[in-house]
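S.K.: quick one: sequence and predicted model below, then my questions.
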Amino acid sequence: MSMPDADETAQDRLSALPWPCQTRILRLLPLRTRVLMCLACKYFYQLIQEEALQDVSMLDVNDLYGQQARTCLSWAFRNNLTALRRIAASGHSCLEPLLTACHLPAGQAILSQLTSIHLDSVNQFRDNQLSDLLAACPNLEVLALPRCGKLTDAAAITIGALLPHLREVSCRDWTALTDGGVALLARGCPKLEDITLDGCFRVGSEALAALVRLCPRLRRLSIAKSYGVTDSALEALSEHGVALEELCLRQCPRVAAVQHLARCNRLTTVDLSGCGNVAGPSLLAMLSGCGASLVSLQLNGCVGLNGEEVAAVGRLCPRLRSLNVRGLAVMDEHLLELAAGCTNLQSLCLAWCTKVTEEGLRPLVARNPDLQDLDIEALYLLTDSMLTGLAEYVPRLSRLSMRMCHRFNPEAIVALVEATALRSLLVSGVLDEAHTTDLVKRVRQVRPDCEMKW
């Protein structure tokens with residue numbers, strides 16, 4: 001007697017259930033899973049086509065590659081997915097079905113109802129192809145095209161010309177994009193609220209000034225690794241960007257006069273990482289104006305700052321939940337002052353603040369019981385008693401980097417894992433190879449799902 005194949009077994013089990021139960025089960029599955037089931041079994045194909053497509057609003061095929069992704073998208077554009085509003089995909093294989101859909105009635109119907117498209121790392125995506133796609137998607141509000149490196153100013157101009165309702169756009173790593181392209185995008189998208197320009201090293205102050213002047217709703221602006229962003233951009237932000245809530249100027253080395261941001265008193269997140277020309281007086285002037293609203297402040301690599309500015313953060317930023325001062329000249333007395341004002345921290349990075357001891361860190365940790373992410377890499381002076389303090393004060397701790405803290409012993413580390421909610425532990429450089437291997441084994445016995453990096 002032959003064994004029934006998988007299709008027959010699955011069909012028998014589903015068909016034995018009442019019809020509403022079958023439909024309910026199928027609708028709980030991700031669309032991608034439903035598509036694969038359609039391709040694998042005729043029974044599922046009919047059932048899903050008739051009963052389990054009407055509610056589909058999101059199609060994410062980011063974890064499918066090559067032919068699988070292409071097949072899944074092609075199938076979706078041939079079917080009546082009346083509720084589909086968002087598509088996310090990555091890699092060159094997703095491009096063909098999208099462009100084909102632009103010329104098919106069923107595909108055009110779906111594209112015209114989309115409000116969000118996210119296409120990552122489509123390396124061969126050209127300006128003219130984007131123009132064809134966007135012409136079929138007039139209702140887009142979100143467009144993310146990170147790492148689509150062949151797109152140029154022409155693509156930005158097309159976005160501005162065709163997407164008047166756009167609220168969010170990501171042009172990350174468009175290395176050919178310039179100020180002119182961004183300015184024309186801004187002119188055509190006055191409802192823009194969120195833009196990412198990280199890695200667009202040809203984009204500078206002129207583009208940022210145009211964005212805040214032409215897009216009054218702009219609340220988030222991110223640009224990283226741009227030599228073209230200067231203090232004139234900060235002046236424009238001060239004049240026109242008062243609605244900004246999140247600002248990232250990471251690794252923009254010509255940024256210095258951050259005191260201009262004092263007028264942006266709605267800011268909740270500021271990232272100045274790697275802005276080495278920012279000096280203490282400028283930062284303090286900025287925080288005097290917008291510090292009260294900040295919940296996240298990233299200052300790692302700001303070599304023009306010192307411990308006095310970190311100490312003042314507690315007084316000027318009482319709502320702060322995330323602070324990164326990696327590599328700054330912070331000492332215990334600065335942390336004591338910080339602890340006096342900061343009691344809501346959930347994420348704290350003190351990596352390479354090598355003068356810090358338990359005397360300064362313990363009081364800060366004790367006053368922040370909600371701390372979940374702590375980086376103490378290369379704090380060579382800390383000992384096991386600090387780990388005991390963490391176990392006592394921050395039971396919700398879920399991530400800890402203790403790289404190169406060579407005074408910690410395995411017993412104290414394991415005890416900390418037992419006493420907290422740790423799910424990620426970075427321990428390279430703490431012990432020698434043999435003891436590290438043993439530590440990993442012991443930690444996994446206590447917390448099997450703890451991610452270890454060594």
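M.R.: Yep, that arrived. Source: prediction; values computed, not measured. Residues are numbered from 1 along each chain as shown.
S.K.: quick one: low-confidence parts of this structure?
M.R.: 1-15, 19, 32, 39, 52 (pLDDT under 70).
S.K.: break it into its domains for me.
M.R.: 7-55, 58-229, 341-454 (automatic domain parsing).
S.K.: turn those domains into a markdown table, including mean neighbour count and distance to residue 289.
M.R.: Backbone N, C-alpha and C define where each C-beta goes, glycine included. Shown next, in a markdown table, are the domains of the chain (neighbours: other C-beta atoms under 10 Å; distance: least, C-beta to C-beta, whole Å):
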| stretch | mean neighbour count | distance to residue 289 |
| --- | --- | --- |
| domain 7-55 | 15 | 46 |
| domain 58-229 | 19 | 17 |
| domain 341-454 | 18 | 17 |
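S.K.: show me how far the longest helix anywhere in the chain is from its chain's centre.
M.R.: Scanning the chain for the helix with the most residues, using DSSP state H, yields helix 433-446. Distance, stretch centre to chain centre, for helix 433-446: 31 Å (C-alpha atoms, centre = their mean, to the nearest Å).
S.K.: then stretch 220-228?
M.R.: Relative to its parent chain, stretch 220-228 has a centroid offset of 15 Å by C-alpha atoms, centre = their mean.
S.K.: with stretch 135-143 instead?
M.R.: 22 Å.
S.K.: ok, residues contacting it?
M.R.: 86, 101-102, 107-108, 111-118, 134, 159, 162-163, 165-170 (C-beta atoms under 8 Å, 6 or more residues apart in numbering).
S.K.: just the C-alphas of that stretch, formatted as CSV.
M.R.: Extracted in CSV, the C-alpha atoms of stretch 135-143 (Å, rounded to 0.1, in the frame of the first residue of the first chain):
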residue,chain,number,x,y,z
ALA,A,135,3.7,56.3,-13.2
ALA,A,136,1.7,53.2,-12.3
CYS,A,137,1.7,54.0,-8.5
PRO,A,138,0.2,57.5,-8.2
ASN,A,139,-1.0,56.9,-4.6
LEU,A,140,2.3,56.1,-3.0
GLU,A,141,2.9,57.7,0.4
VAL,A,142,6.0,55.7,1.3
LEU,A,143,8.9,54.9,-1.1
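S.K.: need the next SSE after the longest helix of the chain, C-terminal direction.
M.R.: On the C-terminal side of helix 433-446, the closest following helix or strand by DSSP states H and E is strand 451-453.
S.K.: who does that next one touch, helix- and strand-wise?
M.R.: Secondary-structure packing of strand 451-453 (3 or more C-beta pairs under 8 Å, 6 or more residues apart in numbering; DSSP states H and E): strand 424-426, helix 433-446.
S.K.: identify the neighbouring strands of that strand in the sheet and state each direction.
M.R.: strand 424-426 (parallel) (DSSP bridges).
S.K.: the contacts of stretch 135-143 in helices, which ones?
M.R.: 101, 107, 108, 111, 112, 113, 134, 159, 162.
S.K.: surely the fourth one and residue 103 touch.
M.R.: No: at 10.5 Å, residue 111 and residue 103 do not qualify as touching, with contact defined as C-beta atoms under 8 Å.
S.K.: contacting residues for residue 46?
M.R.: Counting by C-beta under 8 Å, 6+ apart, residue 46 has no contacts.
S.K.: mind listing the helices for the stretch 251-400 of the chain?
M.R.: Secondary structure of the stretch 251-400 of the chain (DSSP state H, counting those that start in this stretch): helices at 280-290, 307-316, 332-341, 358-366, 384-393.
S.K.: save these as a markdown table, and put in distance to residue 149 too.
M.R.: Formatted as a markdown table, the helices of the stretch 251-400 of the chain follow (distance: least, C-beta to C-beta, whole Å):
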| stretch | distance to residue 149 |
| --- | --- |
| helix 280-290 | 34 |
| helix 307-316 | 37 |
| helix 332-341 | 41 |
| helix 358-366 | 43 |
| helix 384-393 | 43 |
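S.K.: so which of those is nearest residue 20?
M.R.: With C-beta to C-beta as the criterion, residue 20 lies closest to helix 384-393 of the helices of the stretch 251-400 of the chain, at 50.5 Å.
S.K.: how near is residue 147 to residue 421?
M.R.: Residue 147 sits 34 Å away from residue 421, going by C-beta to C-beta, to the nearest Å.
S.K.: err, residue 17, not the other one
M.R.: 39 Å.
S.K.: what does residue 255 give?
M.R.: Using C-beta to C-beta, we find residue 255 at a distance of 37 Å from residue 421.
S.K.: swap in residue 20?
M.R.: 40 Å.
S.K.: in JSON lines, list the ones in helices among the contacts of stretch 135-143 along with distance to residue 244.
M.R.: Output for the ones in helices among the contacts of stretch 135-143, formatted as JSON lines (distance: C-beta to C-beta, whole Å):
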{"residue": "101", "distance to residue 244": "36"}
{"residue": "107", "distance to residue 244": "38"}
{"residue": "108", "distance to residue 244": "37"}
{"residue": "111", "distance to residue 244": "32"}
{"residue": "112", "distance to residue 244": "33"}
{"residue": "113", "distance to residue 244": "32"}
{"residue": "134", "distance to residue 244": "27"}
{"residue": "159", "distance to residue 244": "21"}
{"residue": "162", "distance to residue 244": "26"}
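S.K.: which two in the residues you listed are spaced the farthest apart?
M.R.: Every pair of the ones in helices among the contacts of stretch 135-143 checked by C-beta to C-beta; the farthest is 107 and 159, at 20.6 Å.
S.K.: what's the neighbour count on the residue nearest to residue 294 when sequence neighbours are not counted?
M.R.: Using C-beta to C-beta, 6 or more residues apart in numbering and skipping residues adjacent in sequence, the residue nearest residue 294 is residue 317, 4.8 Å away. Counted by other C-beta atoms under 10 Å, the residues lying close to residue 317 total 24.
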